[in-house]
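# Predicted model follows, preceded by the sequence.
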Amino acid sequence: MCLILLWGVAGWLHAQALPTQTPIAGDFKTVDGKEYKDATVSRVEPDGIVLTTKFGISKVYFVELPKEVQERFHYDAAKAAQFTTAGQVAVEQSNAAAQAAAVQRQQEAQERQRQNASAIKQRQEQQAAVARQQAAQWQAEQQRQVEIPWAVRAVQAMQERQTALEQQRQASQAQIAVQQANNRAQQANNRAEQAEGDAAKLKADADWRVIEHQSDWFFNRR
């Protein structure tokens, strides 16, 4: 909806900007003394004129030009104000849409990060509970072995050694899983930063489309 309204405002701006029927060339001087030598008026807009010089393209507003220049190009302050306001509305709507998209992407990235952190915490709590249970079982087993013959205890010690090695392997795998979860959380942060960059690019593209459509309208009229 916002994009449709933006295109509508851009179309109204094109309708208000009139290219000169016959290119007007000459020198122009603003009321504060700035000069544009050998300039060609490429477009007349309600609030100013677009000049082309050897240094590039510049827009000079009528309020910066002498009264005789304003009268020459039929300056109307009310139409100029309406034209300027419409342009500002188009830019503000474009900025608002880009900012809303950026906020949504950032919120989605934060939610993914929160879910990853919750999963990591839950996994760590489960591992801690298993470790406590294994410690309690080991203590109970030690208590029972007080009356077991030495040979039997030797066999059991070997089995316990194997069990300890297996637990160590599982703990190592759990540590790797935690590291992988941390990496995914970091990737989520990176995507959030990328989303902010995309939002900035979207804003720049929207601003450029307003200018580009004004230029297209001008060349089509010519």
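Structure received.

# could I get stretch 53-68 in CSV with only the CA atoms?
The C-alpha coordinates for stretch 53-68 follow below in CSV (Å, rounded to 0.1, in the frame of the first residue of the first chain):
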residue,chain,number,x,y,z
THR,A,53,26.5,23.3,-16.7
LYS,A,54,29.9,21.9,-17.6
PHE,A,55,30.3,21.0,-13.9
GLY,A,56,27.1,18.9,-13.8
ILE,A,57,23.4,19.3,-13.0
SER,A,58,22.1,21.5,-10.2
LYS,A,59,18.7,22.5,-9.0
VAL,A,60,18.3,26.2,-8.0
TYR,A,61,15.2,27.1,-6.0
PHE,A,62,13.2,30.2,-7.0
VAL,A,63,13.6,31.7,-3.5
GLU,A,64,17.3,31.8,-4.2
LEU,A,65,16.8,33.7,-7.5
PRO,A,66,16.0,37.4,-8.2
LYS,A,67,12.4,38.4,-8.6
GLU,A,68,12.8,39.0,-12.4
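
# Pop out the phi and psi values for the nearest residue to Arg105 once chain neighbours are set aside.
Take Arg105 and drop its neighbours on the chain: the residue closest to it by Cβ to Cβ, 6 or more residues apart in numbering is Ala195, 3.4 Å away. The C-beta positions use only the backbone N, C-alpha and C, and glycine is treated the same way. For Ala195, the backbone dihedrals are phi -60, psi -40 (criterion: degrees, to the nearest 10).

# In this model Ala102 seems to touch Ala195, though I could be wrong.
Yes. With contact defined as Cβ atoms under 8 Å, Ala195 counts as touching Ala102 (6.2 Å).

# Wait, a helix at His74?
No. Going by DSSP: H, G, I helix; E, B strand; the rest coil, the assignment for His74 is coil, not a helix.

# what comes into contact with the helix or strand harbouring Asp27?
Assigned by DSSP states H and E, Asp27 belongs to strand 24-29. Applying Cβ atoms under 8 Å, 6 or more residues apart in numbering, the contact partners of strand 24-29 are 35-41, 49, 51, 60, 65-66, 69.

# let's see it at 7 Å
Glu35, Tyr36, Lys37, Asp38, Ala39, Thr40, Val41, Leu51, Val60, Val69 (Cβ atoms under 7 Å, 6 or more residues apart in numbering).

# Show me how the record splits the chain into domains.
Domain segmentation of the chain under automatic domain parsing yields 2-93, 106-209.

# Flag whichever of these has the least confidence on average.
Ranked by mean pLDDT, the domains of the chain end with domain 2-93 at the bottom, a mean of 80.
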